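I'll drop the sequence and a predicted model, then ask my questions.
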Number of protein chains: 2
Amino acid sequence: MGKKIVIVGGVAGGATAAARLRRLNEEDEIIVLEKGEYISFANCGLPYYIGGVITNRDALLVQTVEGMSKKFNLDIRNLSEATSINREEKTITVTKVDTGETYEEAYDYAILSPGARPIVPPFDGLEEAENVFTLRNIPDTDQIKTWVDEQKPHHAVVIGGGFIGIEMAENLAERGIKVKLVELSDQVMGPVDKEMAGYLHQELRDKRVELIFQDGVEAFLDRGKKVQLDSGKELVSDITIMAIGVRPESELARESGLELGERGGIVVDKSLKTSDDAIYALGDAVEVKDYIQQTPVMVPLAWPANRQGRLVADHINGKNVAYTGTLGTSVARVFGLTVAATGNNEKTLRRLGVTYEAVHVHPASNATYYPGGSPIAMKLIFDPENGNIFGAQAVGRNGVEKRIDVIATAIKGKLTVEDLPDLELSYAPPYSSAKDPVNVAGYAAMNIIEGAAEVVHFHEIDEIVREGGTLIDVREAEEYEAGNIKGAQNIPLGELRGRLEELPKNKPIHVHCQVGLRGYLATRILNNNGFRAINLSGGYKTYTISREM
Amino acid sequence: MGKKIVIVGGVAGGATAAARLRRLNEEDEIIVLEKGEYISFANCGLPYYIGGVITNRDALLVQTVEGMSKKFNLDIRNLSEATSINREEKTITVTKVDTGETYEEAYDYAILSPGARPIVPPFDGLEEAENVFTLRNIPDTDQIKTWVDEQKPHHAVVIGGGFIGIEMAENLAERGIKVKLVELSDQVMGPVDKEMAGYLHQELRDKRVELIFQDGVEAFLDRGKKVQLDSGKELVSDITIMAIGVRPESELARESGLELGERGGIVVDKSLKTSDDAIYALGDAVEVKDYIQQTPVMVPLAWPANRQGRLVADHINGKNVAYTGTLGTSVARVFGLTVAATGNNEKTLRRLGVTYEAVHVHPASNATYYPGGSPIAMKLIFDPENGNIFGAQAVGRNGVEKRIDVIATAIKGKLTVEDLPDLELSYAPPYSSAKDPVNVAGYAAMNIIEGAAEVVHFHEIDEIVREGGTLIDVREAEEYEAGNIKGAQNIPLGELRGRLEELPKNKPIHVHCQVGLRGYLATRILNNNGFRAINLSGGYKTYTISREM
Ligand SMILES: Cc1cc2nc3c(=O)[nH]c(=O)nc-3n(C[C@H](O)[C@H](O)[C@H](O)COP(=O)(O)OP(=O)(O)OC[C@H]3O[C@@H](n4cnc5c(N)ncnc54)[C@H](O)[C@@H]3O)c2cc1C
Ligand SMILES: Cc1cc2nc3c(=O)[nH]c(=O)nc-3n(C[C@H](O)[C@H](O)[C@H](O)COP(=O)(O)OP(=O)(O)OC[C@H]3O[C@@H](n4cnc5c(N)ncnc54)[C@H](O)[C@@H]3O)c2cc1C
Ligand SMILES: CC(C)(COP(=O)(O)OP(=O)(O)OC[C@H]1O[C@@H](n2cnc3c(N)ncnc32)[C@H](O)[C@@H]1OP(=O)(O)O)[C@@H](O)C(=O)NCCC(=O)NCCS
Ligand SMILES: CC(C)(COP(=O)(O)OP(=O)(O)OC[C@H]1O[C@@H](n2cnc3c(N)ncnc32)[C@H](O)[C@@H]1OP(=O)(O)O)[C@@H](O)C(=O)NCCC(=O)NCCS
C-alpha cells in the first residue's frame, strides 16, 4: 500500500517534489493541486518573453498538465486551490477555481510549495489604474505583453530595483520604451552593496533608464497615467510595473495553525517539516537559515525551491536528508553587465554586528591581450581573524558568475580566503589569466590578514584627507590630471623609490592607484622602507563608482 | 644586508618569483637571467597572434626588460644564459648569448624556472626542411607568422593533437589554410578521455581539419614539402608545426648534479627546493605530485608556474608555505567548442589500477528556453566507495570551464559527489538552470553510489547485446528511426508503464535514451516494478560520439 501525498503548488518546488516522489516510488498516490492554469512554468523566463528575447511562449511551459501527468503517473489538478487544511482529519479542502465547487482530499503527507506573491500596498488610485501590473505567472505575462504589443507605450515606470524590477526595466527598454525606475533605497539590486551597485546604476543610465532613488509611490493619478511619488514628483506612465518585493503566500499555513516566522514565512526544520509532522513546506513560502550566520532568512530563488523539493521527497521516503541553509547565491543580467553575489553582504554583516573586512579588486575576466578581456569588479568579504569567507560580489561584462560560483563552492567546502590562491582554476587566454580573479582576490585578502597590506576603504578616505592625512596618488601624471581625489598628491609608482625623502616618516601615508594593484605595490615599497603605508582598496575606480547613485 | 638571489628564466615562473621577491623585500639583490631576448611574455597567446585573433604584437610582451627592471628594482639580464652552476662555490656561469662572453655570478639562493622545450626527434630530412617549425617563444612566433604572411601556405600539417597542436590547427585554419593534424594515439587532447575527445574530433572535421590518427612522422621529404608518415602515407605541406609535447629544460640542473625524476623533471620537495638547499626549481621544468594520487607528474601549465613562483619567493623569505600538488585543471578552445578538465581521467586511473566509477550527463549550459542554451557533455569520475571526486571533463559551446572550475574547487574543498547537489550556484536564465549541470552530475553520481541507478557504459553495451542481453531504447519512435543501437527494442518512456508485461523479469534489462535522463527515469519505473534495470550512462549521444575517431 502506497502513501497518499498531496502537493499544494505545481511549479518550481511542487513539480520537482512530485517528479522525485514518483522516481522513488511507483506505488504512492501523488496529487498536485495548482490554483493557476499552468504548472511547471519558467517563472524566471517571463521578463525575457515580454522583452522579445524569448520568442516562443510554449517554451515557457516546461511541462504541461497532460505531459507531466503521463510521464510521472501523477494526478495533477490545475485550477484547483487548496483553501483549507483540516490537520486533525488530515484532509485538504480543494476549491475549483472556475466553478467554485469544493471537495475534501485526504493525505498521509502534505507538501506546501505555494510560493510568494508580489507585494502591492493599497495605494490611492490603484484600483482605477488599468496600466499597473505585477509579474508572477503566465497570465500576468500575457497581460503585460498584450498591453505592450497593443498600447505601444512610450513611457514606463518600474517601481522597485530588485531582480524583477531591473529585468523588467531592461526588457521594456529593449522594446524601445523610455523607462523610469523608482527605488526607495539608495541603490538597485539589494544583494550587492552600494558601491557595487554603482556599476549597475551607470549601465542603466547609459542605456537610458532613468533612476529615481529614495522615493516611493504615493498615489496613482489619472487612471494610472500619472504616478505620484512621495517627493511630490509626478511621472507620466503608459505602463507601470510594481516590483517592490514578494511576500510568502502563507495564508493557508497560517489559517491551519502552522507556525510562521516574524515576516510571515512558514517555519520548517532541517528536514523541511512544518510544526505539523505530516506537513512539509518549501520554496519561496518558507523561512530558512542563512547558511553562514544561521539566522532566519527568506530567499525567494529557484535553486532553493528545486533543491528543497527533492529533499522533501527524499525525507518522505525515509531518507535521512537535511537542508543546511541558503547562501543566497544569485545572478542577474543588467543589459551588458552581469552582477552576481553569494553569502552575506556588508549591509547584512553591519546589521548583525559581525566584525568583517573586505577587499575590492578589479582583475580582468581573461587575458588582457586576448579579445573580450574586461575588468571584473570583485568584492570579497571575510573574517579578518580566521579568514572565513562571509560572501562575495562581482560585476562585469564576462566571467562574473563563474567567479561567484567558485567562491560559493569554496564556502560550502569550508575553505578560507587563505585557500583561494591555491584554487587551481582552468586557464587559457579566452577564459582567464594564469592567476584567476578568484586567486587575486584571495591574495589581496591574505595580504590584509597577514598584515602585509593595510587598507582603507572608499568611504573613509575623504574624512582622512580632511583631517590632514597624507594621500599619494601613484598613478601616472596623465591619469592624475584626468581626475583625482581631492587632496591627493601625485607621485607615480615608477618615481616612488627616488622620492621617498618627500614623505613624512612620522605618520601613516595613504596611497591609491586606479584599481588597487599599483597602490599595493607602493605600499610594499613604503613599508619595506620604514614607512607605514595604507592602500585604498579598489583604488580610484571603487572610490568614484561609489558616488554613482 | 639583503640576500642575493639569482633567477634562471624570466617568463612565467621566473618573472612571478622576481616580482614577489621584491614585494617582500626591498633590500635583496635580485638578478634575472633570461637567455632569450624577451622576458615575461604571453606564451599562451602566441598561437592567437599567428592566427590574427590578437593583432598587436606588443600586447604579447606583458613586461619589458626596462619597464619591469624599474617597476620592481630588478637586475634583469636578457640574452644571458646560465650555462653552469658551481654548487660548492654558489656561483652560476653566465654566457652572453650574442657575444659568447662568460662571467660568474654568486648567489645565496638560486631559482630555476627554465621551462620546457618542444620535443623534436631527429627525423630524416628535418635539417633540410625549411618549413618545419616549433612554437615556444616570440622568435618562433615571428618566424611562423612571417612564413604564413609571406609564403601564403595552402596546406599545413600539424604533428601532435595536444593543446598547442590544436590551437595551431585552429589558428592556421582560421587563416584559410587547409590543415591536416597527425596524432600518434587515437584521440586529440590527452587530458580528456576518448569519448569526450569525440566531440572535438567532430568539431575539427566540421571546420575542415583533417584528422589522421595512430600515425606519426617517419621522415620529411623534398625539403619538407612532403611529410612521410609511419603508415607510408605522404602529406603535402607548405608549413609543418611540430607539437608532439615538451621536455623539461633540465640540462643545467642535471649537469650540476641536482636530482631529476624518471622523465627528466627536476625533483623538488613541498617547498619547491631541489636536492640542494640553496636552489629552488619550479614550473614546466619540475616534477610535482599529482594532487589526487600523489604520484609524480609533470604538468606544463601556466597556473602552476605562477603559483609556484610566488611560493618560492615566500619560502626564501621565511614563510612556511607548501605546494600540495597539481590537479592539472585545463581548458582550451577548439573552434566553437570549449573543452576543460580537472583531476584524473579514466586513462590515468586505469593505468594506476584505481577503482573508479564514471557518469556522463548532458545538461544545458543555461535555461533551454533562453537563447544560447546548449548541451554540455560532462563526465564525472569518482570513487564508488566513498564518493571522492577523482576528476571531471566537459565539452560544449558555453559555460564549460565554469563547471570544471567549480568541480576543481570542490576537490580542493574535499567535497565528495554527495556534496555536489548541495552546491548553491547562481541561476538566472542566461547563465544556468535551477539545477546547475554540476548539481545534475552530482545527482547522477549519487544515484549510482546509493544503488538507485545501475549503469553500464558506452564501451560495454555492444558486447552485452551480442551475448543476448535485453536493450530497450526509451526514446520516441522518430528518434529511434533516425538511428539506434543494434539490437535495441523501442519502447518510448511514455508507454513503458503500460508495456511491462513485454519485459523479462528473470534477467537484467538495459535501457537507454538520448542523453541518459529518460533512461534513468525508465530505470526507476522498472526497478520500482520489480525488474532489474540498468541505464546506459550518457545515452545514445555518448555511445555514438565514442565512435568518432
Ligand atoms: C518574473 C520572475 C523572475 C524570476 N527570476 C528568477 C531568477 O532569474 N533566478 C531565480 O533563482 N529565481 C527567479 N525567480 C524566483 C523563482 O521563480 C521562485 O523562487 C520559485 O519559482 C519558487 O518556487 P515555489 O515552488 O516556492 O513557488 P512558485 O514557483 O511560485 O510556485 C507556487 C505555485 O503555487 C500555487 N499556489 C499558491 N497557493 C496555492 C493554493 N492554496 N492552492 C493551489 N496552488 C497554490 C501558485 O499559483 C504557484 O503557481 C523569478 C520569479 C519571477 C516571478
Ligand atoms: C604556444 C603555447 C601556448 C600555451 N598555452 C597555454 C595555455 O593556454 N594555458 C596554460 O596554462 N599554459 C599554456 N602554455 C604553457 C605555459 O606557457 C607554461 O606552462 C609556462 O610558461 C611555464 O612557465 P616556466 O616559467 O616554467 O617556463 P617559461 O615560461 O617557458 O620560461 C622559461 C624561460 O627560461 C629561459 N631559460 C631556459 N633555460 C635558461 C638558461 N639556462 N638560462 C637563462 N634562461 C633560460 C627560457 O628561454 C624561457 O624564456 C602554453 C605554452 C606555449 C608555448
Ligand atoms: C521540470 C521539473 C518538473 C523537473 O523536475 P525534475 O525531474 O526533478 O528535474 P530534471 O528534469 O532536471 O531531472 C533531474 C533528475 O534526472 C536525473 N538526471 C538528469 N540528467 C541525467 C542523466 N544524463 N543521466 C542520468 N540521470 C540524469 C537527475 O539525477 C535527477 O534525478 P533524481 O532527482 O532522481 O536524482 C521542475 O524542475 C519544474 O517544474 N521546473 C519548472 C519551474 C521552475 O523550476 N521554475 C524556476 C526556474 S525558471
Ligand atoms: C607579469 C608578471 C611579472 C606578474 O607577476 P605578479 O606581479 O606576481 O602578478 P600580478 O601583476 O598579477 O600582481 C599580483 C599581485 O598584486 C596583488 N594585487 C592584484 N590586484 C590587486 C588589487 N586590486 N589590490 C591589491 N592587491 C592587488 C596581488 O595580491 C599580488 O601580490 P602578492 O603576490 O604580493 O600578494 C608575471 O605574471 C609574468 O611574467 N607573466 C607573463 C608570463 C606568463 O605568465 N605566461 C604564462 C601565461 S600567458
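Structure received. Ligands and ions are numbered 1, 2, ... in the order given.

interface residues of chain A facing ligand 2?
Counting by CB under 6 Å from any ligand atom, the positions of chain A adjacent to ligand 2 are A:427-428. Using the backbone N, CA and C atoms, a C-beta is placed for each residue, glycine as well.

Which residues of the stretch 101-250 of chain A lie near ligand 3?
Looking at ligand 3, no residue of the stretch 101-250 of chain A is close enough under CB under 6 Å from any ligand atom.

actually chain A, sorry about that
Proximity of chain A to ligand 3 is confined to A:11-12, A:15-16, A:19-20, A:23, A:40, A:42-45, A:62-63, A:302, A:306, A:310 under the rule CB under 6 Å from any ligand atom.

of these, buried ones?
Buried residues within these, defined by neighbour count using 16 or more other CB atoms under 10 Å in any protein chain shown: A:11-12, A:15-16, A:19-20, A:23, A:40, A:42-45, A:62-63, A:302, A:306, A:310.

As a check, name the ranges of all strands in the stretch 151-300 of chain A.
A:155-159, A:178-183, A:210-213, A:217-221, A:226-229, A:234-236, A:239-242, A:246-248, A:266-267, A:279-281, A:286-289, A:296-297 (DSSP state E, counting those that start in this stretch).

when you check ligand 1, which of the buried ones among the residues of chain A next to ligand 3 turn up near it?
Filtering those for proximity to ligand 1 by CB under 6 Å from any ligand atom leaves A:11-12, A:43-44, A:302.

Most widely separated two among these?
Spatial extent of these (CB to CB) is set by the pair A:11 and A:44 at 10.8 Å.

Contacts only, for the residue in the stretch 301-450 of chain A positioned nearest to chain B.
Closest to chain B within the stretch 301-450 of chain A is residue A:413: 1.7 Å, counting by CB to the nearest CB. Residue A:413 is in contact with B:409-410, B:412-415, B:419, counting by CB atoms under 8 Å, 6 or more residues apart in numbering or on different chains.

Now list the buried members of those residues.
By neighbour count, with 16+ other CB under 10 Å, the contacts of residue A:413 hold B:409-410, B:412-413, B:415, B:419 as buried.

Kindly reformat those residues as a markdown table and extend each row with secondary structure and pLDDT.
Shown next, in a markdown table, are these (DSSP: H, G, I helix; E, B strand; the rest coil; pLDDT from 0 to 100):
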| residue | secondary structure | pLDDT |
| --- | --- | --- |
| B:409 | helix | 98 |
| B:410 | helix | 98 |
| B:412 | helix | 98 |
| B:413 | coil | 98 |
| B:415 | coil | 98 |
| B:419 | helix | 98 |
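
Next, format those as CSV and append distance to residue B:494.
Formatted as CSV, the buried ones among the contacts of residue A:413 follow (distance: CB to CB, whole Å):
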residue, distance to residue B:494
B:409, 39
B:410, 36
B:412, 43
B:413, 41
B:415, 37
B:419, 34
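
In a markdown table, list those along with distance to ligand 1.
Shown next, in a markdown table, are the buried ones among the contacts of residue A:413 (distance: CB to the nearest ligand atom, whole Å):
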| residue | distance to ligand 1 |
| --- | --- |
| B:409 | 21 |
| B:410 | 21 |
| B:412 | 26 |
| B:413 | 23 |
| B:415 | 22 |
| B:419 | 20 |
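
ok, of those, which one's closest to residue A:33?
Using CB to CB, residue B:419 is the member of the buried ones among the contacts of residue A:413 that lies nearest residue A:33, at 33.5 Å.

so what's the nearest residue to residue A:29 once chain neighbours are set aside up against?
What sits nearest to residue A:29 in space, not counting adjacent residues and going by CB to CB, 6 or more residues apart in numbering or on different chains, is residue A:4, at 4.5 Å. Contacts for residue A:4 (CB under 8 Å, 6+ apart) come out as A:28-29, A:31, A:106-109.

related to what we said a few turns ago, which of the strands of the stretch 151-300 of chain A sits most buried?
Of the strands of the stretch 151-300 of chain A, the one with the most neighbours on average (mean count of other CB atoms under 10 Å in any protein chain shown) is strand A:279-281, at a mean of 28.
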